[in-house]
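> coords below, sequence missing:
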């Protein structure tokens, strides 16, 4: 079931138990945009069913917030143009060359190519690893791209993030809303979530000029801009005290 965030913005709620991020749906008068492609074809099917249930047309485009598996392993199940920043395309090109078998997955985990933490989660969603198909984005941009969906402007912006170098956010200008993806989260280093206060500070500076009142991180409830900045400030302070 889609949950409404603003008059034109909806999302399929995240699931921690299923390793599923929030998937966004933005309704323009002419086009609709999906935010992130999910962790599997099954995730995409659940999203499409929710869109159908709401009586909306299925999305015309999909934007990837970054290249991590839970946000893009469903892309192969979508037959619509996809958009990502250049760095996401580069990362997915590398991932697309990997062999998906139990032995190869174990080897790639040992090499640090696939985080050890993600191995059981990937296998849970893909009991037959050979069925994984890593699709590449259709369109790429460097710093930002603006989409006019019809009385609804979406700015896709590459931002600094502790989580990943290829992080992109989606700012829905008229709705004063932002899809943050995983931009707000720590970096996974040797299966340990590691804070990067200098990058978090930079992210704050990049988000401050944007006019928004509500934001949706990928793996938690929506929050206000004030709540987001307060959360960031606490994390930066804790990191500096260590």
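It's in. Source: prediction; values computed, not measured.
> can I assume residue 226 sits in a strand?
No. Assigned with DSSP: H, G, I helix; E, B strand; the rest coil, residue 226 falls outside any strand and is helix.
> thinking residue 10 is in contact with residue 54, fair?
Yes. Counting by Cβ atoms under 8 Å, residue 10 does reach residue 54; the two are 7.2 Å apart. All C-beta atoms are positioned from the backbone trio N, CA, C, and that covers glycine.
> between the two, which one's more packed in?
More neighbours surround residue 10 than the other of residue 10 and residue 54, with 21 against 13 (other Cβ atoms under 10 Å).
> just to revisit the earlier point, touching both of residue 10 and residue 54, which residues are there?
In terms of Cβ atoms under 8 Å, 6 or more residues apart in numbering, residue 10 and residue 54 are both contacted by the residues residue 2.
> any weak-confidence spans in this protein?
242 (pLDDT under 70).
> how does it look with 80?
241-242 (pLDDT under 80).
> Which parts of it are helices?
41-54, 69-72, 86-96, 102-110, 119-125, 197-207, 225-241 (DSSP state H).
> Mean neighbour count, the ones you listed: which tops it?
Looking across the helices of the chain with neighbours counted as mean count of other Cβ atoms under 10 Å, the highest average goes to helix 69-72: a mean of 24.
> Which neighbouring elements make contact with that helix?
With contacts defined as 3 or more Cβ pairs under 8 Å, 6 or more residues apart in numbering; DSSP states H and E, helix 69-72 has these neighbours: helix 86-96.
> tell me the angle the helix it packs on makes with helix 102-110.
Angle of helix 86-96 versus helix 102-110, following axes from the mean of the first three to the mean of the last three Cα atoms, to 10 degrees, is 140 degrees.
> can you pull the contacts of residue 100?
Per Cβ under 8 Å, 6+ apart, neighbours of residue 100: 126, 129-132.
> Just the buried ones from those, in PyMOL syntax?
In PyMOL syntax, the buried subset of the contacts of residue 100 is picked out as below (16 or more other Cβ atoms under 10 Å):
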select buried, resi 126+129+132
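> of all the contacts of residue 100, which two lie farthest apart?
Maximum pairwise distance among the contacts of residue 100 (Cβ to Cβ): 8.5 Å, between 126 and 130.
> Near the residue nearest to residue 222 when sequence neighbours are not counted, how many other residues are there?
In space, and not counting its chain neighbours, residue 222 is closest to residue 216: 4.7 Å by Cβ to Cβ, 6 or more residues apart in numbering. Using other Cβ under 10 Å, residue 216 has 24 other residues around it.
> Could you list which residues are in contact with residue 216?
Counting by Cβ under 8 Å, 6+ apart, residue 216 touches 5, 11, 22, 24, 177-180, 222.
> what's the spacing between it and residue 169?
Distance from residue 216 to residue 169, counting by Cβ to Cβ, to the nearest Å: 10 Å.
> do the same with residue 188
Taken as Cβ to Cβ, the span from residue 188 to residue 169 is 19 Å.
> So between those two, which is more surrounded?
residue 169 (27 against 16).
> quick one: contacts for the more buried one?
Residue 169 touches 65, 156-157, 159, 178-181, 183, 207, counting by Cβ under 8 Å, 6+ apart.
> next one: residue 130
100-101.
> how far away is residue 150 from residue 64?
22 Å.
> Of the two, which one has the most company?
Neighbour tally, residue 150 and residue 64, criterion other Cβ under 10 Å: the higher count belongs to residue 64, 26 against 13.
> Run through the residues that contact the closest residue to the more buried one other than its chain neighbours.
Distances taken as Cβ to Cβ, 6+ apart put residue 84 closest to residue 64, at 4.2 Å, once the chain neighbours are dropped. Applying Cβ under 8 Å, 6+ apart, we find residue 84 in contact with 63-64, 67, 92, 137, 139-140, 166, 168.
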